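Visitor: need a structure here:
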Amino acid sequence: MPIIPMNPRLLSGNRTATALKPFILPMGKNGLAKDRLKWPIARYMSTSTSKTPTAADGSIEDEKLIYSAPNAPTVKLLKMFSISSLGIASLSAPPIFYFWNTPAIQAADINGYMFIGALVASTCSTGVLHKFLSPYVNQVYLHHSKNKSLQTISPNTKITLETLDVLARKKRTTIKLRDLTLANGSWLTWRIKKDAIEKQTKLRHEDFPQTKFWLDQRGGVGDIETMSKIVKVVDEEYKSGRML
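Guide: Predicted coordinates for the structure are as follows:
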């Protein structure tokens, strides 16, 4: 896949654009990522931050963009095209059936079964595409306190994983690393632990926006060191959980 430079002007306004390195996570035995990451600098993007007062002690937390998926624009385009096609087909169905016996429709030689089949196929393809691409992580944000000069990645580190819903709108899932574990499946990387899901539902009376995540580990751009630490912490939590 060709690597296309990104225009810093299209990102976060007047903030200074800094070079972020694409990272690749080599896979070791048992599907676990190795610690060392090597990849040349190839793209540029800005490190956008936002302040959110979500820390337990009331201090201000920063959200720092540390990962951007290589195929995020393609995934969004596919979802938008799929839902647009389904919308057009759904909106055109009632008028066509209403004027079915008119000369204009009959002259078009439209077969009723073929039209219904096309509508069903469009609906099914949209559903399958959403099922397949809904876990795809577009961006990862790291939550860290401004009071700390050095960010230490630990199981209590909080991150926000950004995915897309069926209408290609952003979904943000904020979770601590200790609540993530490795997922089964060739197209899944992480999933939220069942006990964390139950706790979220019981205490906050709401569900996580997304519970399964697909982290594209080849060609993504961001903070290599921080992302490798995050992957390592989740892997270690998974290993320790299996030993118990």
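Visitor: the closest residue to G112 other than its chain neighbours: neighbouring residues, count only.
Guide: Leaving aside its sequence neighbours, G112 sits nearest to W100 (C-beta to C-beta, 6 or more residues apart in numbering; 7.4 Å). Quick note: C-beta positions are derived from backbone N, CA and C, even for glycine. Residues near W100, counting by other C-beta atoms under 10 Å, number 12.
Visitor: give me the residue at the spatial middle of the chain.
Guide: V137 (2.0 Å; C-alpha atoms, centre = their mean).
Visitor: got a list of what that residue touches?
Guide: Y67, A69, L161, E162, T163, T189, F213, W214, L215, D216 (C-beta atoms under 8 Å, 6 or more residues apart in numbering).
Visitor: now the residue nearest to G112. Its backbone dihedrals?
Guide: The phi and psi torsions at W100 (degrees, to the nearest 10) take the values phi -60, psi -40.
Visitor: any idea how far it is from G117?
Guide: In this view, W100 and G117 are 16 Å apart by C-beta to C-beta, to the nearest Å.
Visitor: and if you look at S134?
Guide: 26 Å.
Visitor: who has more neighbours out of those two?
Guide: Neighbours per residue, other C-beta under 10 Å: of S134 and G117, the larger number sits with S134, 18 against 11.
Visitor: show the pLDDT at the more buried one.
Guide: pLDDT recorded at S134 is 94.
Visitor: what about the nearest residue to it once chain neighbours are set aside, which SS state?
Guide: The spatial neighbour of S134 that comes closest, neighbours along the chain excluded (C-beta to C-beta, 6+ apart), is T163 at 6.4 Å. Under DSSP: H, G, I helix; E, B strand; the rest coil, T163 falls in the strand class.
Visitor: contacting residues for T163?
Guide: S134, P135, Y136, V137, N138, K170, K171, T173, P209, Q210, F213.
Visitor: which parts of the protein are strands?
Guide: Here the chain has its strands, by DSSP state E, at 18-24, 43-45, 49-52, 61-68, 139-145, 158-164, 170-176, 180-182, 190-192, 212-213, 218-222.
Visitor: hey, which helix is longest across the chain?
Guide: helix 72-98 (DSSP state H).
Visitor: I'd like the mean pLDDT over that one, please.
Guide: 87.
Visitor: and that helix, what does it pack against?
Guide: Here helix 72-98 touches helix 112-133, strand 158-164, going by 3 or more C-beta pairs under 8 Å, 6 or more residues apart in numbering; DSSP states H and E.
Visitor: show me how far that helix is from its chain's centre.
Guide: From the chain centre to the centre of helix 72-98 is a distance of 22 Å (C-alpha atoms, centre = their mean, to the nearest Å).
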